[in-house]
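Student: quick one: sequence and predicted model below, then my questions.
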Amino acid sequence: ILEYDNLIDSSQIDSETWVKMATSIEENYDKYDAFVILHGTDTMAYTASVLSFLLKNLSKTVIITGSQVPLLEMRNDATNNLLGSLTIAGHFIIPEVGVYFNNTLFRGNRCIKSDNLSLNAFESPNYPPLVEAGIGFKVNWNNVLNPSLEKLRVFKNLDGDIAVIRCTPLMKGETVRNSLREPTKGAILITFGMGNFPTNRQDLMEALSEATDRGVVIVNISE
C-alpha cells in the first residue's frame, strides 16, 4: 500500500499529481501484477483518461475506484467498489486503465461522471463495459485491449495550454478568438450533434483560421 503524504480533494488535482501517479506505477511496475488507485469521484474520469495516455504499453491491470459515500459511513458504496476492484485486479489481466464503480469496470478514457446523487455515478455512453459484476464477474474480452509485449513507457510532460470551447448558437467570433489567443497551443471544439459546426458564420471561421495559421491544433468532437 502506497499513501501519498499530502492527500487532496480530487477537485484540486493537477498535472503534477497525474505525473506522480504514473511515476509511482512505473517505479513499482515490476513488483506487482496489478494496481488499484483510490480516488475522489469529481475528477476520477479525468485521471483515468490522462493515465491511459501517460502509461503506454500496459500489460497489467490499472483500476481507479472510489465512492459516493465515504467508507467511514455505516451505509456506503466504498466497500463494494474496493473489493470489486481488488477482485478483478487479482484474477484477471485487463491491461488498460479502467474505472470500477457500482459493479462495472469501464474503459478509463471512455467514461464520465453522470450523476452526483446516485451510487451509479459513472457511465460509458459510447463504449461497452469491460467487466460486469453480479454473482460472478463477466469479462467482455472482445472489448478489452491486448497486453503489450513492449516495455512500459511513461510520458511525464503535460501541456496545460489547451482551451475547451463549447459551441452555442449565441457564440461570437471574438469570444472564440479570445479563447484561442496565446499561449494556447491546442483547443477542443465541442460542436453540435455529431460534430456539426456553423460554417456559415464568417466571424467564427475567421477566428479558427487565425488560430490554425499560428499553429494551434484544433480538434472537433461531438457533444
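Tutor: Received it, and whenever you're ready, just let me know what you need.
Student: from here on, just use CA atoms for contacts and neighbour counts.
Tutor: Noted.
Student: could you pull out the helices in this protein for me?
Tutor: Ranges of helices in the chain, per DSSP state H, are 15-28, 44-54, 78-91, 173-179, 202-213.
Student: winner for burial among the ones you listed?
Tutor: Highest mean neighbour count of the helices of the chain: helix 44-54, a mean of 22 (counted as mean count of other C-alpha atoms under 10 Å).
Student: picking up where we left off before, closest one to Leu105 among the helices of the chain?
Tutor: Leu105 lies closest to helix 78-91 among the helices of the chain, at 8.3 Å (C-alpha to C-alpha).
Student: mind listing residues that contact that closest one?
Tutor: Contacts with helix 78-91, where a contact means C-alpha atoms under 8 Å, 6 or more residues apart in numbering, come from 33-36, 61-71, 100-103, 133.
Student: then it to CSV, C-alphas only?
Tutor: Extracted in CSV, the C-alpha atoms of helix 78-91 (Å, rounded to 0.1, in the frame of the first residue of the first chain):
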residue,chain,number,x,y,z
ALA,A,78,-16.8,2.2,-0.8
THR,A,79,-16.5,-1.4,0.4
ASN,A,80,-18.2,-2.9,-2.6
ASN,A,81,-16.2,-0.7,-5.1
LEU,A,82,-12.9,-1.5,-3.4
LEU,A,83,-13.5,-5.2,-3.0
GLY,A,84,-14.7,-5.5,-6.6
SER,A,85,-11.6,-3.6,-7.9
LEU,A,86,-9.3,-5.8,-5.9
THR,A,87,-11.0,-9.0,-7.1
ILE,A,88,-10.7,-8.0,-10.7
ALA,A,89,-7.1,-6.9,-10.3
GLY,A,90,-6.2,-10.1,-8.6
HIS,A,91,-8.0,-12.5,-11.0
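Student: center of this protein - which residue?
Tutor: Ser49 (2.3 Å; C-alpha atoms, centre = their mean).
Student: surely that one meets Val99?
Tutor: No: if you go by C-alpha atoms under 8 Å, Ser49 and Val99 don't touch, sitting 9.6 Å apart.
Student: who touches both of these two?
Tutor: Common neighbours of Ser49 and Val99 (C-alpha under 8 Å, 6+ apart) are Gly108.
Student: contacts only, for the residue nearest to the centre of the chain.
Tutor: With contact set as C-alpha under 8 Å, 6+ apart, Ser49 has these partners: 97, 108-110.
Student: which of the residues you listed ranks first by neighbour count?
Tutor: In terms of neighbours by other C-alpha atoms under 10 Å, the contacts of Ser49 top out with Val97 at 27 neighbours.
Student: any idea how far the closest residue to that one other than its chain neighbours is from Asn143?
Tutor: In space, Val97 comes closest to Val62 once its chain neighbours are excluded; the distance is 4.7 Å by C-alpha to C-alpha, 6 or more residues apart in numbering. Distance from Val62 to Asn143, counting by C-alpha to C-alpha, to the nearest Å: 16 Å.
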